[in-house]
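here are the coordinates; sequence isn't available:
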């Protein structure tokens, strides 16, 4: 696997520069980057013409640009042989990546042609075929999966290194729900005939993503073997696969292995694997499972603690319906354990206490109402208070909203006495914003459990809160109001939305404005046509585009708008665009050293540098942390809805998401702004879908320690 990373780095460096030491790029490559950023083939299809350059580096750069543009019409124009007798290995890899990024029948046929002729490739045969296998995994059909499975047997006798990408290719098929008996047999063959850790690791991933219990049962011994690997990543994915088998013996093995496991990421996956089991299917193991998972609450690693609590909630959430006598008999014990942890374990973080409350509500529902509301009134921690409100959304009796509303009203009165709202805002402080966010989210969970008369009251509350200008609250309310249960009031809702939109100001309320505009389109709000048509002349690209899309939904007509997207390529600094940059992300938990990768994502790196130099990230929180997945930050509002006020282009490359990779968060292609994430573990399902622009070189222990609410202090340039 190490060799793959090195070869891909070399590939990307060749993509944009032939003079690594000077960092200069040629005028041709500068133009290619600009065309890529502008998402255009250029005048007279200039980018296509670059494919026929006599310089293979120019052809390679053009192929990567086309991969990022994503225009399927270019697939039939990939004539790599017109300028030279043979394309370079770099061009072949770039062509394979391009074909994998644009799934269509032409791409599939071209990839099969490349694979069938792979014996003709020269020096870097491994890296070329590796990229072809990767791309086929993204685009192929079941016949192609059979071909890859057959190639695995071929590689085992000739090119054993190719078992690594071949196994991952099977996993990529499985991600797209394409799997069969032959592919499972091929994975079994690798496990039984290879000692190569990367190959075995990818087999574990492919087994997990295959997921089908019937298919996996014939590979149970191989999956068990992988769970005993010395490699943590392999064990992690193998336990995922073991859980899919729903085998009581393997569950027992996992339970007995839990306490001796040393890697927190593996323990997280072990715990999550328990949720594959229904309590009624494991009567003899229910006590053991409760004991192991309960012990996980007190684990030294907070990720493990949070996961254990969450798993208890999910496992026992149907307690009232279970026939498992042990589970029923231990329900009172489980409740006491939750309450004891809340009241007596002082060192528990607010996050763990909030997760305890949520799981308690999942298991016991309405019967813990008084306990939760009592803790709400006594607590001074508004994160915990909002967690309690959110947890009540799991209840069965929707009318609980009345008591919650009364409790919140009393709390707000007390709060305002201590902290008078002198600004006259609907939401006077960050603490109260947390309560209102939780309350509207709770209402959205409960509104289908409320009688018609009270549901109308809830609708009116949504209509009131939609004017809050808080992106989370607005999203909660608009999502609820779009539900068909409120269809009879759509005219009134449309009037409210149109009026409240007029109260928003640009650029302060940009994120909220976009949410309103999208809702206008979704609800076919004819009252908003005039507003949306006016938006077509906005200077902001996102407002113009979102308004044009909304008008199309309302009227069925296509609309043009005047604003142009932000082009980072304007005035390319040909001397410094590839300059190596190292930064230190100073956080409240410690320092994380990062190497930025301008050779892979030059404009994303430039955007990150510019924001950092303007202190944009200082004080921003990590608003989203998913254990054994990512830590995510970079939103100035700390909600996950915010950004810098503009979007930049996605920059996809063959680099893969391994542990400690820095990527850009997005809500779709070309919607990146300022939010970023760092991976806890390899995450192949993100490859080619999210921009990679850096990697952690020191401080992964800090990445592992960061939790929701921790913050960035500063970004220092080394």
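Okay, I see it. Note that the structure is a prediction, hence the values are computed from the model and not measured.

Am I right that residue 643 falls within a strand?
No: under DSSP: H, G, I helix; E, B strand; the rest coil, residue 643 sits outside any strand and is assigned coil.

how deep is it tucked in, by neighbour count?
23 (other C-beta atoms under 10 Å). Using the backbone N, CA and C atoms, a C-beta is placed for each residue, glycine as well.

Let me see the confidence value for it.
pLDDT recorded at residue 643 is 96.

So it is in contact with residue 673, correct?
Yes: here residue 643 reaches residue 673: they are 3.1 Å apart, a contact under C-beta atoms under 8 Å.

is it true that residue 710 touches residue 621?
Yes: Residue 710 is within contact range of residue 621, at 6.9 Å (criterion: C-beta under 8 Å).

Show me whatever sits in contact with both of those two.
Contact criterion C-beta atoms under 8 Å, 6 or more residues apart in numbering; residues shared by residue 710 and residue 621: none found.

what's around residue 580, how many residues?
Residues near residue 580, counting by other C-beta under 10 Å: 11.

Low-confidence stretches in this structure?
Residue ranges of the chain with pLDDT under 70: 1-23, 80-85, 120-124, 318-322, 324, 326-328, 344-347, 424.

switch to 50 and redo it
1-22 (pLDDT under 50).

Now do the strands in it.
Here the chain has its strands, by DSSP state E, at 582-587, 590-596, 624-626, 630-633, 661-664, 676-679, 692-698, 712-717.

for the last one, packing partners?
Same thing as strand 712-717. Judged by 3 or more C-beta pairs under 8 Å, 6 or more residues apart in numbering; DSSP states H and E, strand 712-717 is in contact with strand 582-587, helix 602-613.

Save the ones you listed as a markdown table, and put in distance to residue 715 too.
Below are the helices and strands packed on strand 712-717 laid out as a markdown table (distance: least, C-beta to C-beta, whole Å):
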| stretch | distance to residue 715 |
| --- | --- |
| strand 582-587 | 6 |
| helix 602-613 | 4 |
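
Which among those is found nearest to residue 273?
Residue 273 lies closest to strand 582-587 among these, at 30.9 Å (C-beta to C-beta).

Enumerate the positions of that closest one that are buried.
Residues of strand 582-587 classed as buried: 583, 584, 585, 586, 587 (neighbour count, 16 or more other C-beta atoms under 10 Å).

so the fourth one bridges to which residues?
With DSSP bridges as the criterion, the beta-bridge partners of residue 586 are residue 591, residue 714.

Renumber starting at 40 from here on
Sounds good: first residue 40 from here, last item residue 625.

List the contacts of it.
So residue 625 contacts 751, 752, 753, 754, 755 (C-beta under 8 Å, 6+ apart).

Please apply the same query to the first one.
Counting by C-beta under 8 Å, 6+ apart, residue 622 makes contact with 632, 633, 635, 651, 754, 755, 756, 757.

Now a PyMOL select for only the buried ones of those residues.
Buried residues among the contacts of residue 622 (16+ other C-beta under 10 Å), as a PyMOL selection:
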select buried, resi 632+633+635+651+754
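
how about the contacts of residue 622, which pair is most distant?
Farthest apart among these by C-beta to C-beta are 632 and 651. That separation is 14.1 Å.

quick check: longest helix of the protein.
Longest helix in the chain by number of residues (criterion: DSSP state H): helix 439-457.

can you count the residues close to the closest residue to residue 378 other than its chain neighbours?
Residue nearest to residue 378 in three dimensions, not counting chain neighbours: residue 410, with 6.9 Å by C-beta to C-beta, 6 or more residues apart in numbering. Number of residues near residue 410 (other C-beta under 10 Å) recorded here: 18.

try residue 164
Residues near residue 164, counting by other C-beta under 10 Å, number 17.

I figured it was touching residue 157, is that so?
Yes: with contact defined as C-beta under 8 Å, residue 164 and residue 157 form a contacting pair (7.1 Å).

Out of the strands of the chain, flag the one nearest residue 380.
Distance to residue 380, taken as C-beta to C-beta, is lowest for strand 663-665 among these, at 20.6 Å.

partners of that closest one in the sheet?
If you go by DSSP bridges, strand 663-665 pairs up with strand 669-672 (antiparallel).

got a list of contacts for the partner strand?
With C-beta under 8 Å, 6+ apart, strand 669-672 has contacts from 656, 659-664, 679, 704, 714-719, 722, 742, 745, 750-751.

for stretch 389-399, same thing?
336, 341, 344-345, 348-349, 351-353, 374, 377-378, 380-381, 387, 407, 410-411, 414, 420, 422-423, 426-427, 429-430, 433, 746-748.

Can you say which of those are buried?
Buried by 16+ other C-beta under 10 Å: 336, 341, 344-345, 348-349, 351-352, 374, 377, 380-381, 387, 407, 410-411, 414, 422-423, 426-427, 429-430, 433, 746-747, out of those.

circling back to that earlier point, can the strands of the chain go into JSON lines with extra columns for distance to residue 133?
Shown next, in JSON lines, are the strands of the chain (distance: least, C-beta to C-beta, whole Å):
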{"stretch": "strand 621-626", "distance to residue 133": "27"}
{"stretch": "strand 629-635", "distance to residue 133": "22"}
{"stretch": "strand 663-665", "distance to residue 133": "33"}
{"stretch": "strand 669-672", "distance to residue 133": "28"}
{"stretch": "strand 700-703", "distance to residue 133": "21"}
{"stretch": "strand 715-718", "distance to residue 133": "25"}
{"stretch": "strand 731-737", "distance to residue 133": "16"}
{"stretch": "strand 751-756", "distance to residue 133": "31"}
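
So for residue 98, which of those sits nearest?
Among the strands of the chain, strand 731-737 comes nearest to residue 98, with 22.9 Å by C-beta to C-beta.

mind listing what's buried in that closest one?
Judged by neighbour count (16+ other C-beta under 10 Å), strand 731-737 contains these buried residues: 731, 732, 733, 734, 735.

about what we covered before: could the contacts of residue 625 go into a markdown table alongside distance to residue 584?
Shown next, in a markdown table, are the contacts of residue 625 (distance: C-beta to C-beta, whole Å):
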| residue | distance to residue 584 |
| --- | --- |
| 751 | 30 |
| 752 | 35 |
| 753 | 34 |
| 754 | 30 |
| 755 | 36 |
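
end-to-end on stretch 609-619?
21 Å (C-alpha to C-alpha, to the nearest Å).

Would you mind listing the buried residues in that stretch?
For stretch 609-619, a neighbour-count test (16+ other C-beta under 10 Å) marks 611, 613, 616, 617 as buried.

and if you look at stretch 650-668?
By neighbour count with 16+ other C-beta under 10 Å, stretch 650-668 contains the buried residues 650-651, 655-656, 659-664, 666-668.

Quick one: end-to-end length of it, please.
The first and last residues of stretch 650-668 sit 25 Å apart, counting by C-alpha to C-alpha.

cool, stretch 354-362 as well?
First residue to last in stretch 354-362 (C-alpha to C-alpha) measures 14 Å.

now swap in stretch 703-720 and tell me
With C-alpha to C-alpha, one end of stretch 703-720 sits 16 Å from the other.

how about it: buried residues?
By neighbour count, with 16+ other C-beta under 10 Å as the criterion, the buried positions of stretch 703-720 are 703-705, 711-720.

just stretch 633-642 next, same as before
Residues 633, 635, 636, 637, 638, 639, 640, 641, 642 are the ones in stretch 633-642 that count as buried (16+ other C-beta under 10 Å).
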